[in-house]
Every structure is written in C-alpha cells, then in structure tokens.
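S.K.: One predicted model, sequence on top.
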Amino acid sequence: MTGILNVIIEYFKGQTRGAKVKRQVVYSFVIQGISVVIGLLYVPLLLDYLTQEKYGIWLTLTSILGWFSFFDIGLGNGLRNKLTEVLAKNDYELGKKLVSTTYAMLIGIFSIVLFFFHISNFFINWNSILNTETIENNELYVLTSIVFTFFIIRFIVQIISVIYLADQKPAVTKLITTSGNLIAFLIVFILTKTTLIGNLIVLGTILSIIPVILFIVITVTAFNTRYKKLKPSGKSIDFKVGNGILQLGTNFFFLQITYIIVFTTSNLFITQFYGPEEVTVYNIAYKYFNIPTMLFSIFMSPVWSAVTDAYTKADFKWLKKTLKYANWLSVLFGAGVVFMILVSNWIYKIWIGGEILIPFSLSVALGLYTIFSLIVTPYSYFINGIGKLKLTTIFTFFQILLYVFLVFVFRNIFENSTGIILAIFAPLILVGIIQIFQVYKLLNNSAIGVWNK
C-alpha cells in the first residue's frame with residue numbers, strides 16, 4: 001500500500017509543466033464534481049420555488065443579459081495569454097502594468113455600458129421580449145436593474161480569476177465559482193423553505209450579488225499575498241501595454257460574439273417560437289448533456305495556459321504529446337455521451353419527475369452536438385493558447401450567418417427546441433474542421449499565411 005502511495009506521490013510532485021497540469025486536473029476534478037452536483041440540484045429546487053414559466057423567464061433573462069459580456073472586447077482572454085508569457089519570463093513589472101491597464105480599461109468601458117443601460121431600461125418592454133404576461137413590467141424592470149448592475153460589476157472583479165488562469169492554477173478559479181454557487185444554493189434552499197411564493201427579484205438579487213462579494217474578497221486577499229507583485233495601481237497603467245492586450249483581445253472578442261449570439265439567443269428564439277415553458281425543457285436537457293463537457297473541461301482547463309507557456313518556449317514535443325492524450329480522452333468521453341443518450345429518459349424521470357417531458361429527439365440532437373464539441377475542444381484550446389486566431393475569427397462570421405439562417409429553416413420542421421440545437425451544431429462542424437487542420441500545421445511548423453496568424 002505504501003509503495004502504491006509513493007508511486008502516486010511521485011507521479012504528481014515536481015514543478016514541471018506536466019506535473020502542474022496533473023495536479024490542477026485532480027484538484028479541479030473534485031471541485032467541478034461538487035459544482036456539477038450543485039447545478040443538478042438547482043433545477044428541481046428552482047422549479048419547486050418558481051413555476052415552469054417563471055423558471056423559463058429567468059433563464060431567458062440571464063441569457064439576454066449575457067449579451068453585454070462582449071463589451072469586455074476580449075480583454076480577459078487577451079490578458080490571460082499575455083500574462084502567461086510574462087510570468088514565464090518572471091517579468092513582474094510588466095505583469096503589473098498588464099493587470100493595472102486591464103482593470104482601468106474594463107472599469108472605463110463597463111461604467112459607460114452601465115450608465116446607458118439604466119437610461120434605456122426605462123423604455124424597454126420586458127413583457128414583450130420575454131413573451132409573458134405573468135409578471136408585471138415594473139417587476140421585470142426592478143429585476144433587470146439589479147441583476148444587470150451586479151452582472152457588470154462581476155465582469156470587473158472576476159479579473160482575479162484570469163490571473164489565476166494565467167498562473168496555470170485553473171483549480172482556484174473553479175473553487176471560487178463553485179464556492180459562490182454553493183453559498184447561493186444554500187441561501188436559495190433556505191428561501192424555498194421559508195417563503196411560499198417564488199419571488200424573482202429576491203432570487204435574482206441573491207444569485208447576482210453573492211459571486212460579486214466573493215470575487216471582491218478573493219481579489220483583496222490575493223493582491224495582498226500571492227500576487228502582491230501584480231497588485232494594480234494607478235501609476236502602473238500604461239495604455240501602450242494595453243494596445244498589446246487589445247490586439248490579441250480583439251480576436252477573442254469576435255469569438256466571444258459568436259458564442260454570445262449563438263448560445264444566448266437560443267433561449268430568446270425558443271421563447272418567441274415555442275414559449276417560456278420550452279426554455280425550461282431545453283435547459284434541463286442542456287444541463288444534462290453539459291455534464292461531460294464540464295468534466296472534460298477539468299482536464300482541458302490547465303492546458304490553455306500550459307500551451308501558451310510551451311509554445312513560447314518552442315516545446316513542440318510536449319505539445320504533440322498533450323494533444324494526443326487529449327484526443328484519446330475526448331473519444332472516451334464521447335462514448336460516455338452515447339450511453340447518456342440511451343438512458344436519458346430514465347435519468348430525466350429520476351431527476352425532475354414526470355411533470356416535464358423531454359423529447360428524445362432533443363436528447364439525440366444535444367448528444368451529437370456534445371460529442372462533436374468534445375472532439376473539437378482540444379484543438380480550440382490549443383489555438384487559444386497559441387494565440388493564432390485570425391482564421392477561426394474569419395469563419396465565425398460564416399458560423400453566425402449560417403446559424404441564424406438555420407434557426408428559421410428548422411423552425412418550420414421541428415415543433416420544439418431540437419431545431420435550435422441542430423442550427424447550433426451545423427456551423428460548428430465547419431469551424432471545428434478548420435481548427436483541426438490548423439493545429440496540426442502549427443505543431444508541424446508547416447503553417448504559413450493565414451494559418452499562422
């Protein structure tokens with residue numbers, strides 16, 4: 001027994017890039033496991049507290065507010081790559097400038113966004129947008145004002161998680177997020193036991209404010225301990241340095257726009273085509289098939305910044321070896337998704353009971369989408385880590401156009417949200433194939449022209 005324990009310790013110890021990745025995977029696996037359980041428990045809890053329609057409204061509303069996340073113009077991901085390069089060279093002075101400038105730009109951008117949102121919110125008819133008469137527009141106005149304000153503040157204070165990612169410690173980021181979800185879950189659980197009527201304003205306030213408070217506490221603690229050398233200050237703001245973050249961030253920005261348009265409009269399309277109740281159906285199935293994606297991300301999260309570090313040091317042997325392992329892992333997870341499709345109806349019945357029926361066609365569509373996403377994910381992480389994003393950025397425009405076109409085509413074919421998933425899936429195939437070819441070219445030094453930009 002002692003011998004086995006020594007082998008395990010030997011496998012994970014050390015300060016090499018590979019050892020760090022292995023440790024982060026183990027830490028993340030435990031943390032993400034807790035997060036998955038919380039996410040699954042949230043659904044029946046909120047369905048019990050709210051009606052199916054109100055739950056669908058909440059999901060649609062949070063998706064709409066997610067559109068505003070593109071206003072960070074990719075600065076978070078730009079900072080992640082640039083800071084990883086800087087930390088690899090132990091240049092903390094430049095790192096401090098990068099962090100300080102990113103905070104300054106985000107505060108400036110989101111202050112303007114917040115100002116204009118609160119002015120325009122007076123004139124927005126949320127009842128029409130959310131396709132509901134169940135909740136008065138005045139209540140929706142208060143709800144959106146509270147949720148959006150903390151949503152914007154969160155974008156600024158969560159930069160500390162980007163710093164942990166750049167330092168190749170994604171497990172810490174997951175721990176912060178999971179801790180916030182756990183605290184919110186416990187409070188909502190108490191709320192469901194002490195009140196009879198599902199109050200969206202109270203629920204929205206709880207779910208919005210807790211992550212912000214937690215990120216502020218972590219930020220203050222981290223900048224006075226581990227990341228003291230990176231602690232932001234007004235004197236370290238350098239917009240010349242910011243240009244470098246902005247140039248790289250712009251590419252990530254266009255990728256974010258694609259994600260936002262595709263995934264956040266899906267709930268809105270479903271609401272308008274089929275009603276808020278179908279949003280609940282779609283999101284239950286989506287949460288179920290998102291489990292393997294979340295678990296796979298545990299293994300892939302440390303890879304992004306590790307790839308940046310390895311590519312900066314021209315360690316192609318490590319890059320090829322890591323990609324090979326990631327591919328085998330994606331195949332293994334894909335086989336698991338096939339099993340999930342087969343037992344999906346049985347799982348839904350145990351999870352949420354028999355009141356809400358999930359069409360098997362929706363499970364099949366989500367399962368196929370998940371399998372292909374798992375195959376493409378390693379290549380996406382490699383491209384993001386290397387920072388050669390121009391080709392992917394170009395094709396994202398075609399991805400958006402094809403998605404919107406297919407949404408309206410499939411609307412006339414399917415009577416539920418299955419068509420929305422197929423509209424998301426089809427364009428992903430095109431982008432995924434391009435990314436696979438590009439990564440192999442980059443790792444074999446045969447990438448030229450747009451393939452190397």
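M.R.: Alright, I've got the coordinates.

S.K.: For residue 93, give me the pLDDT.
M.R.: pLDDT, residue 93: 84.

S.K.: Just the element for it, please.
M.R.: In this assignment (DSSP states H and E), residue 93 forms part of helix 92-120.

S.K.: quick check, distance from that helix to the centre of its chain.
M.R.: Averaging C-alpha positions (Cα atoms, centre = their mean, to the nearest Å) puts helix 92-120 20 Å from its chain's average.

S.K.: Check the model's average confidence along the host helix or strand of residue 319 for me.
M.R.: Using DSSP H and E, residue 319 sits within helix 316-342. Taken as a whole, helix 316-342 has an average pLDDT of 91.

S.K.: And that helix, what does it pack against?
M.R.: For helix 316-342, the packing partners by 3 or more Cβ pairs under 8 Å, 6 or more residues apart in numbering; DSSP states H and E come out as helix 17-49, helix 276-312, helix 360-386, helix 418-443. C-beta: built from backbone N, CA, C; applies to glycine.

S.K.: Show me which residues of the third one are buried.
M.R.: Neighbour-count burial for helix 360-386, with 16 or more other Cβ atoms under 10 Å as criterion, is recorded at 361-363, 365-386.

S.K.: How about the last one?
M.R.: By neighbour count, and taking 16+ other Cβ under 10 Å as the criterion, the buried residues in helix 418-443 are 418-428, 431-432, 434-436, 438-439, 442-443.

S.K.: and the direction of that helix versus that of helix 316-342, what angle?
M.R.: Using axes from the mean of the first three to the mean of the last three Cα atoms, to 10 degrees, the direction of helix 418-443 lies 160 degrees away from that of helix 316-342.

S.K.: how far does helix 418-443 sit from the chain's center?
M.R.: Relative to its parent chain, helix 418-443 has a centroid offset of 18 Å by Cα atoms, centre = their mean.

S.K.: now the angle between helix 360-386 and that helix, please.
M.R.: Using the same axes, to 10 degrees, helix 418-443 lies at 30 degrees relative to helix 360-386.

S.K.: which helices and strands sit right next to helix 418-443?
M.R.: helix 265-274, helix 316-342, helix 360-386, helix 390-411.

S.K.: between the ones you listed, which gets nearest to residue 453?
M.R.: Checking the helices and strands packed on helix 418-443 against residue 453 by Cβ to Cβ gives helix 390-411 as the closest, at 4.1 Å.

S.K.: Using CSV, list the CA coordinates for that closest one.
M.R.: Output of helix 390-411 as CSV, limited to C-alpha atoms (Å, rounded to 0.1, in the frame of the first residue of the first chain):
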residue,chain,number,x,y,z
LYS,A,390,-7.3,35.0,-37.3
LEU,A,391,-8.6,32.0,-39.3
THR,A,392,-11.1,31.0,-36.7
THR,A,393,-12.2,34.6,-36.4
ILE,A,394,-12.9,34.8,-40.1
PHE,A,395,-15.0,31.7,-40.1
THR,A,396,-17.0,32.8,-37.1
PHE,A,397,-18.9,35.3,-39.3
PHE,A,398,-20.0,32.4,-41.5
GLN,A,399,-20.9,30.5,-38.4
ILE,A,400,-23.2,33.3,-37.2
LEU,A,401,-24.9,33.7,-40.6
LEU,A,402,-25.5,30.0,-41.1
TYR,A,403,-26.8,29.7,-37.5
VAL,A,404,-29.4,32.4,-37.9
PHE,A,405,-30.5,31.0,-41.3
LEU,A,406,-30.9,27.5,-40.0
VAL,A,407,-32.8,28.7,-36.9
PHE,A,408,-35.6,29.9,-39.2
VAL,A,409,-35.4,26.9,-41.5
PHE,A,410,-35.6,24.3,-38.7
ARG,A,411,-38.4,26.3,-37.0
